[in-house]
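quick one, what's the 3D model for this:
(2 chains)
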Amino acid sequence: MSDKSYEEIFSEFEEITNHYSRSDQYFDILYDSVSSTTIAKTPSAENFSVNTKKSGIVARTFSGIWNEVAIEEGSDIGVIRNKIPKLTKKGDTIAEFEGWELNKEIKPKIDPSIIPIEDKIKKVREIYEYVKNYDERIFNVQVKYMELLIERIFVNNEGCKLRQVIPRIRVMVLPLAREGSVVDYDYSIISGEIGYEIFDLFDHELLEKTVKNSLEMLEAELPPAGRRTIILDPQMAGLIAHESFGHGLEADQILRDRSYLKQHLNKQVASDICSIYDTPSLKNKLGSYFFDDEGIKAGNNVLVENGILKDFIYDRRSASDLSAIPQGNGRRESFAHPINVRMSNTYFGSGDYSLNELISETNEGIMLVHGFFGMEDPLGGGMQCTSKKAYLVENGEKTKILKATALSGDVLELLKNIDAVSKDPTKLDGGTCGKGSEDLVPVTSGGSYLRVRNALVSPG
Amino acid sequence: MSNERLNLIEKRLNSKNIEEYEIYLVERNMYETIFLKNQADNERDIRDFEYFIRILSQKKDETGIGVIKGNSMDIGQIDKNIDICATLSKFNSSSPYDFPGKTHITDLNTADKKILDDPIAIKKDLSEELIAEASQQKDVKTTFGRFRIHSYHNFLRNSNALDLNSKKTFFFVEFALKAQKNGALSEFWDVGYYKEKEHLKFNERVNNWARRAKDTLRAEEPKPANDAIVIFPPSVLREAINPVIGFHALAIAHFEKVSRYNIGDKVASDNITLIDDGLLDGGLSSNSWDSEGNPQQETEVLKNGVFRNRLYDQKYAILDDVLSTGNAKRAESGTVVNGISNLKILPGDISFEKMISNVKEGYYIEQFSWLHPDDKSGNFGAEIRNGYYIKNGEFQNPIKLGNVSGNILEMVKNCIYISKEREFSENVLFPYMAFNNLNVSS
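Numbering: from 1, shown residues only, chains lettered A, B, ... in the order given. Below you'll find the model as predicted:
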């Protein structure tokens, strides 16, 4: 397959798709290929690896349930015809969406494929050396460069004929600091639909900031446990929007009767100064694309507007069952993974406060900074979101630095207790999201700064 | 089929006069049923294949290692892959390294012949059994589930005449049961891999899920406490011990200067003896050989709380002038990394029931949202999903929400009880354990 041109793949896919009549059954077929380059450096190891276009295809039909066959590169595509039966009169078991055509390649400013591998290695080594030598308390540095090129070709029997080629790059720098017996760290990650120009963003200013952030952690104290006024930075706001709230809006959970939000549609779920979106069509973000893995055009989900829950997030199946308009949220990790309803770029809209006002108006609180990880609870509406660090806020000023801080409790209670949103432009940070423990897809999440009254924090 | 693929790749390597090479090839078949409520909603049949080539370039006092991953068997593409891999090896700068050679490998059966013979029939029978058990439960409903059979065939061949292959079968189960009463909702959501069919025990397992889902309906937030007694089951201990104690025991952690463990240090309570067992019967990570072809083995990590041995792959074994303990893992990118295999903790001398009865006041945590401790510091703080408050030796009310926090490296120094009973949870065989230095907040 990967040895064929995309025109040949289209032709082969159209031939097999024509075998299945839309009036009798829904059928689609997806080609997935990933090329990658990974360069990682730590004190005791350098790891370089290249993945040259690992590819496969997955085809499926719907007859009331999905029947899906995935095969690897080089397989006889005839296997699909043998394994996916031709049906009759099952076409209306799933709604029909209008077919469309697209052939789009994102061209980054500097195409990484034309940069010699030795130049990329040199960049990683330079970052490593700069950070390692910045301060004698830095005893370990981890630098990782990961470059991906993803090609997806989709054809279905509703007239979709789609191709997208998307570059994604991620660079991480993690300096570990030690003083006496205290060891701690912070890190910086930049990612997106971006090219080799990503290294321009990792300038000395950012590297110095990254090292200083790690060194600052050496002074960090354990955070207190209990209820406090908190200020969340855009990364923590994004974690709440995505993990604690967004997963409960994925409409497969609605079909499963497994979402605490099912009963809240068109009702108040957050403070009226809050709006939350999921937008796969944003440009150049890690969670962006032109069409999802079901051929649905990427759009914009307005999830919460002025505190009111306006909509859920759909794939083809849930949109069909719930008579909704999907915005392109049916995603696969790869050809070997199933479609699930997935978020893309999920974020809070901006408000009208300045960050200074948020802090200066807070007599006693905690500012949670640098979203670390979070976990979903779509049925219970519970929350676990942890920041890498935090600051005590006393008498309107940031004072002591605190270690990792966990935010827990009831997510709707937290959303309703938001009393201020900053006017900073929405900031999105990239990451990887699993559905439960697997099926990982690239996403971003973010927003601006939020202040929340009476939130439950503890050491994380 | 795969021997033909191996032969072709090796022929191309030889045609380019590559002297030191390794081919690692994986064939994967997966068969899955995804449930929507009590009905099958997606029947999936997946075939995947990939190969990794590593090429060494020996230099003065160091070795360059190139790694390539692909799945094209087109000769032109294989040649291109080999050229890229050789280039990577020239630029790479690693510590001195050689591929393992032939040695004695223990014969270990890690595949169920019945699954190899007819995986689709086995999947059908077991997924029907799972959904039938769930459907019989009173006062709970299935919201969704996944049942998957994995059947893998791995091959490793290198320029030191090593030529190995092994088959492995195992299961994946994800299942959520919901309870509902007077507008309140609760669930038990379980996710895990199981090596053997005998580990699935759907009747017992589904009954437990249902009991937990129903109990959580009446859960309260836990009473806050410092230095609380907290008891964990094997599944929670796996999430606590593997990423922290397992990490600090690895040779890579020592050479990266992040391990807190020196040989002979007292790092845990006297009652803890921890073993890395790459040959553990029923262990998810069991295999005769590791990802470089070194034999997997049993290595005592902690004996009565004292750190005894590090876990080595070939790279770090050469650096420390010792033999590999068979602890090499293959990363997604194809690089070889130092990692644990299966961990087991020797059983204690009291029953789980007796352990509970000994606790005047404490907590039993069956499931966290995500424990996710920091591997280097051992710090953690996680939300309670399902648990129980213990008072005067008996379970009182179920608990939910609130956080348990502490440090795994310190926690294992304060282990007050270890149960006689042990259970498999993926790549561990652990007992139930009680600790008295954790904090509970709500």
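
quick one: secondary structure of A:Ile245?
For residue A:245 the amino acid is Phe, not Ile. Assigned with DSSP: H, G, I helix; E, B strand; the rest coil, A:Phe245 falls in the helix class.

is it true that it touches A:Val411?
Yes - judged on CB atoms under 8 Å, A:Phe245 makes contact with A:Val411 at a distance of 5.7 Å. The way it works is simple: take the backbone N, C-alpha and C, and place the C-beta from them, glycine included.

need the pLDDT of residue 425.
If you meant another chain, say so; for now it's chain A. If you check A:Pro425, the pLDDT there is 93.

that was the other one, I meant chain B.
97.

what's the residue lying closest to A:Gly396 once chain neighbours are set aside sitting at in phi/psi?
Counting by CB to CB, 6 or more residues apart in numbering or on different chains, A:Gly396 lies nearest to A:Ser360, which is 4.1 Å off, once chain neighbours are set aside. Main-chain dihedrals, A:Ser360, degrees, to the nearest 10: phi -70, psi -20.

okay, now A:Ser360: neighbour count?
A:Ser360 has 13 neighbours, counted by other CB atoms under 10 Å in any protein chain shown.

you'd agree it is up against A:Lys398?
No - with contact defined as CB under 8 Å, A:Ser360 does not reach A:Lys398; the gap is 10.3 Å.

which single residue in the stretch 101-250 of chain A comes nearest to chain B?
For the stretch 101-250 of chain A, the residue closest to chain B is A:Ala225, as judged by CB to the nearest CB, at 3.6 Å.

just want the phi and psi numbers for that residue.
Dihedral angles for A:Ala225 - degrees, to the nearest 10 - are phi -110, psi 140.

of all of the stretch 151-300 of chain B, which residue lies closest to chain A?
Taking CB to the nearest CB, the stretch 151-300 of chain B has B:Phe255 as its residue nearest chain A, at 4.0 Å.

what residues are up against the residue nearest to that residue when sequence neighbours are not counted?
Once flanking residues are discounted, B:Phe255 sits nearest to A:Ser44: 4.0 Å by CB to CB, 6+ apart. A:Ser44 is in contact with B:95, B:252, B:255-256, B:316, B:319, counting by CB atoms under 8 Å, 6 or more residues apart in numbering or on different chains.

top of those by neighbour count?
Neighbour count (other CB under 10 Å) singles out B:Tyr316 as the most crowded of those, with 26 neighbours.

so that residue sits against B:Gly339, correct?
No - B:Tyr316 is not in contact with B:Gly339 according to CB under 8 Å; the separation is 11.4 Å.

which residues are in contact with each of these two?
Counting by CB under 8 Å, 6+ apart, nothing touches both B:Tyr316 and B:Gly339.

end-to-end on stretch B:179-189?
Terminal residues of stretch B:179-189 lie 11 Å apart, using CA to CA, to the nearest Å.

who touches it?
A:258, A:260, A:379-380, A:436, B:139-141, B:143, B:174-178, B:209-210, B:212-214, B:216-217, B:219, B:367, B:385-386, B:400.

quick one: buried residues of it?
Under the neighbour-count criterion of 16 or more other CB atoms under 10 Å in any protein chain shown, stretch B:179-189 has B:179-180, B:185-189 buried.

cool, stretch B:264-272 as well?
In stretch B:264-272, counting by 16+ other CB under 10 Å, buried: B:267-269, B:271-272.

got a pLDDT number for B:Ala184?
Confidence score, pLDDT, at B:Ala184: 88.

again, but for A:Met1
Taking A:Met1 on its own, its pLDDT is 46.

got any ranges where the chain has weak pLDDT?
No chain in the question, so chain A it is. Scanning chain A for pLDDT under 70 picks out A:1-2.

chain B is the one I meant
For chain B, applying pLDDT under 70 flags the ranges B:1.

what residues does the stretch 251-400 of chain B put near chain A?
B:252, B:255-258, B:315-316, B:319, B:333-335, B:368-370, B:372, B:374, B:376-377, B:379-383, B:385, B:400 (CB under 8 Å from any CB of the partner chain).

cross the residues you listed against strands and list the overlap.
Those of those mapping onto strands are B:368, B:379-383, B:385, per DSSP state E.

which of the residues you listed sit farthest apart?
Distance extremes for these: the farthest pair is B:Asn379 and B:Arg385 at 19.8 Å, using CB to CB.

right, and B:Asn29 touches B:Ser151 too?
Yes - using CB under 8 Å, B:Asn29 is in contact with B:Ser151, at 4.5 Å.

list residues touching both of the two?
B:Pro119.

hey, what's A:Gln142 bridged with?
A:Leu174 (DSSP bridges).

er, A:Thr38 I mean
Beta-bridge partners for A:Thr38, by DSSP bridges, are A:Ser49, A:Met146.

distance check, it against A:Leu286.
Separation of A:Thr38 from A:Leu286 (CB to CB, to the nearest Å): 16 Å.

show me which of those two is the more surrounded one.
The neighbour comparison of A:Thr38 against A:Leu286 (other CB under 10 Å) goes to A:Leu286, with 26 against 22.

grab the nearest non-local neighbour of that one.
Nearest non-adjacent residue to A:Leu286, counting by CB to CB, 6+ apart: A:Gly430, 3.4 Å away.

does the one you found really touch A:Ser191, like I thought?
Yes - between A:Gly430 and A:Ser191 there is a contact at 3.5 Å, judged by CB under 8 Å.

give the contact list for the residue of the stretch 101-250 of chain A closest to chain B.
Applying CB under 8 Å, 6+ apart, we find A:Ala225 in contact with A:457-459, B:224, B:403, B:405, B:439, B:441.

A:Pro108 too?
Residues near A:Pro108 by CB under 8 Å, 6+ apart: A:167, A:193-197.

now B:Ser2
B:25, B:27, B:153, B:155, B:165.

just A:Phe199 next, same as before
A:123, A:171.

just the strands in the stretch 201-350 of chain B please.
Assigned by DSSP state E, counting those that start in this stretch, the stretch 201-350 of chain B shows strands spanning B:225-232, B:274-277, B:298-303, B:306-307, B:328-330, B:336-338, B:343-345.

adding distance to B:Asn414 and mean neighbour count, write the ones you listed out as CSV.
Below are those laid out as CSV (distance: least, CB to CB, whole Å; neighbours: other CB atoms under 10 Å in any protein chain shown):
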stretch, distance to B:Asn414, mean neighbour count
strand B:225-232, 9, 20
strand B:274-277, 16, 24
strand B:298-303, 15, 20
strand B:306-307, 16, 20
strand B:328-330, 31, 20
strand B:336-338, 28, 23
strand B:343-345, 15, 24
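
show me the one of these that comes nearest B:Lys391.
If we rank the strands of the stretch 201-350 of chain B by CB to CB, the stretch that ends up nearest is strand B:225-232, at 11.3 Å.

who's in contact with the residue nearest to A:Trp100 when sequence neighbours are not counted?
Once flanking residues are discounted, A:Trp100 sits nearest to A:Cys160: 6.2 Å by CB to CB, 6+ apart. By CB under 8 Å, 6+ apart, the contact list for A:Cys160 reads A:28, A:99-101, A:154, A:291, A:295.

just the ones of those residues in strands?
Judged by DSSP E, the contacts of A:Cys160 include A:28, A:101, A:154 as members of strands.

export those residues as JSON lines, with columns for distance to B:Lys59 and neighbour count.
Output for the ones in strands among the contacts of A:Cys160, formatted as JSON lines (distance: CB to CB, whole Å; neighbours: other CB atoms under 10 Å in any protein chain shown):
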{"residue": "A:Asp28", "distance to B:Lys59": "51", "neighbour count": "24"}
{"residue": "A:Glu101", "distance to B:Lys59": "52", "neighbour count": "11"}
{"residue": "A:Phe154", "distance to B:Lys59": "46", "neighbour count": "23"}
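
what about B:Ala121, distance to B:Lys114?
In terms of CB to CB, B:Ala121 sits 9 Å off from B:Lys114.
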